[in-house]
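Visitor: Got a predicted model here, sequence first, then my questions.
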Amino acid sequence: MIRDILSALFILAGSLFMLISSIGMIRFPDFYIRNSASTKAVVLGVLLILLGVGMHYNDTLVFIEIFAILLFIFLIAPLAAHIVSRAAVITDVEFWDKTDLRELEQYKKENEQETDLEGKE
Amino acid sequence: MVILLNILIAALMTWFTQEVYSDISNSGFITILLFIAWNTVLWLLTFFYNKKVYYRIPIIGSLILFYLKELFVASIRVAYEVLTPADHMVPAVVAVPLDAETDFEITLLANFITLTPGTLSIDVSKDRKTLYVHEVYVEGGDTDKVRNQIKNGFEKKILKITRSRPRR
C-alpha cells in the first residue's frame, strides 16, 4: 500500500519536472539556455520515473535493468547536449542580447584560423 | 576500470543467485543483501591479485551523492525560473582553464558541468587546455567566481579520483 503511494509520487514528480522543462523550452530566450534547461530537468525526470517503476515491481531483474538504463542516460544526455551546442556555436546560432561573449571571441579566432588554413590547402 | 567490472560481475551474480532465494521472497531487500555479499566476496578476492581495486569506493560514493544533489538543485532552479514571470538570468560564456589532461577526465568534467545548475559545456580548445562553458547565472558579470566554483568543486573531486594512489 505504502509502496504504491510512494511509486505513484515518484512518477508524478518525474513527469512534473518533464512538464516544467517543456514549458521552459517555449519560455526561455535563446537556444543555449533552452538546451541546458531541458537536459537537466529531463535527466532528473527520467531518474524519478524509473525509480517509481522499480518500486512498483520490486523485482531484482527490473532493478538491474533500471540501473543500466540510468547509467547510459547519465552518460549520454549531457554528451548529446554538448554536441548540439558545439554545432550551434560553430554555425553561429545567435546568443541572447544580454549574454557576455568576451571570452568566446578567442575560441572563434582559433576556429577561423583553422578554416583559413584548410582553404589554402 | 576494474572496479566497474567488479560491480557489474557482482550485479550479474546477484541476478543468478537470487532465483535460489525466490521461494522465500522476491523482494528488493534480498537483492540488496546479495549484491553487498557478492561485492564483499569480490573485494576479498582482490587481495590475491591486486590490492588497489576497492580503495576508491568512498570517494566515488561521495562524488555520486554530490552529483545527485547538484542535479536536484539544478532542476529546482530551472523549475523556479520557468514558473516565475521575472528573468533572473545573466548569461555569459566563460573560458575555464583545465588541469585535467586525459580523455576520461575531460569527458567526466564536461558531463558533470552540463548537469550542474545553469551551466552547459560548449567546446574544448584545440590544445585541450581550456573548456568553454555557457553559464546562465553570472552575478554582476563576475566570471572569475564561476571559474573558481568549477575549478575548486568538480575538477578537484574528479582529479582526486583519477589521480589518487593507494596507501601502502
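Guide: Thanks, I have the structure now.
Visitor: which residue sits closest to residue B:126, ignoring its sequence neighbours?
Guide: residue A:110 (6.1 Å; CB to CB, 6 or more residues apart in numbering or on different chains). The way it works is simple: take the backbone N, C-alpha and C, and place the C-beta from them, glycine included.
Visitor: now that neighbour: how far from residue B:123?
Guide: Separation of residue A:110 from residue B:123 (CB to CB, to the nearest Å): 10 Å.
Visitor: Comparing the two, which shows the higher neighbour count?
Guide: residue B:123 (21 against 14; other CB atoms under 10 Å in any protein chain shown).
Visitor: The more buried one contacts residue A:86, doesn't it?
Guide: Yes. Between residue B:123 and residue A:86 there is a contact under CB atoms under 8 Å: 4.9 Å.
Visitor: Run the chain-centre distance for stretch B:95-108.
Guide: Once both centres are worked out by CA atoms, centre = their mean, to the nearest Å, stretch B:95-108 turns out to sit 14 Å from its chain's centre.
Visitor: what sits up against it?
Guide: A:103, A:106-107, B:109, B:124, B:128-133, B:147, B:150-151, B:155, B:158-159, B:162 (CB atoms under 8 Å, 6 or more residues apart in numbering or on different chains).
Visitor: Stretch B:125-134 now?
Guide: Counting by CB under 8 Å, 6+ apart, A:32, A:36, A:85, A:89, A:103-104, A:107, A:110, A:114, B:91-98, B:101, B:106, B:109-110, B:113, B:119-124, B:146, B:150 sit against stretch B:125-134.
Visitor: Any idea how far apart the tips of that stretch sit?
Guide: 14 Å (CA to CA, to the nearest Å).
Visitor: mind listing what's buried in it?
Guide: B:125, B:130-134 (16 or more other CB atoms under 10 Å in any protein chain shown).
Visitor: what does stretch B:9-20 give?
Guide: B:10-11, B:13-15, B:17-18.
Visitor: Give me the distance from it to the chain's centre.
Guide: For stretch B:9-20, the distance to the chain centre is 26 Å (CA atoms, centre = their mean).
Visitor: repeat for stretch B:97-116
Guide: Counting by CA atoms, centre = their mean, stretch B:97-116 comes out at 10 Å from the chain centroid.
Visitor: mind checking the end-to-end distance for that stretch?
Guide: Taking CA to CA, stretch B:97-116 runs 18 Å from one end to the other.
Visitor: Now the closest residue to residue B:118 other than its chain neighbours: phi and psi?
Guide: Using CB to CB, 6+ apart and skipping the chain neighbours, the partner closest in space to residue B:118 is residue B:136 (3.7 Å). Main-chain torsions, residue B:136, degrees, to the nearest 10: phi -90, psi -30.
Visitor: Among the buried residues of stretch B:125-134, find the lowest-pLDDT one for me.
Guide: Confidence by pLDDT is poorest for residue B:125 among these, given 75.
Visitor: Between which two of the buried residues of stretch B:125-134 is the distance greatest?
Guide: B:125 and B:134 (14.9 Å; CB to CB).
Visitor: Report the mean per-residue pLDDT for the helix ranked longest in chain B.
Guide: Assignment by DSSP state H gives helix B:57-83 as the longest helix of chain B. Averaging pLDDT along helix B:57-83 gives 81.
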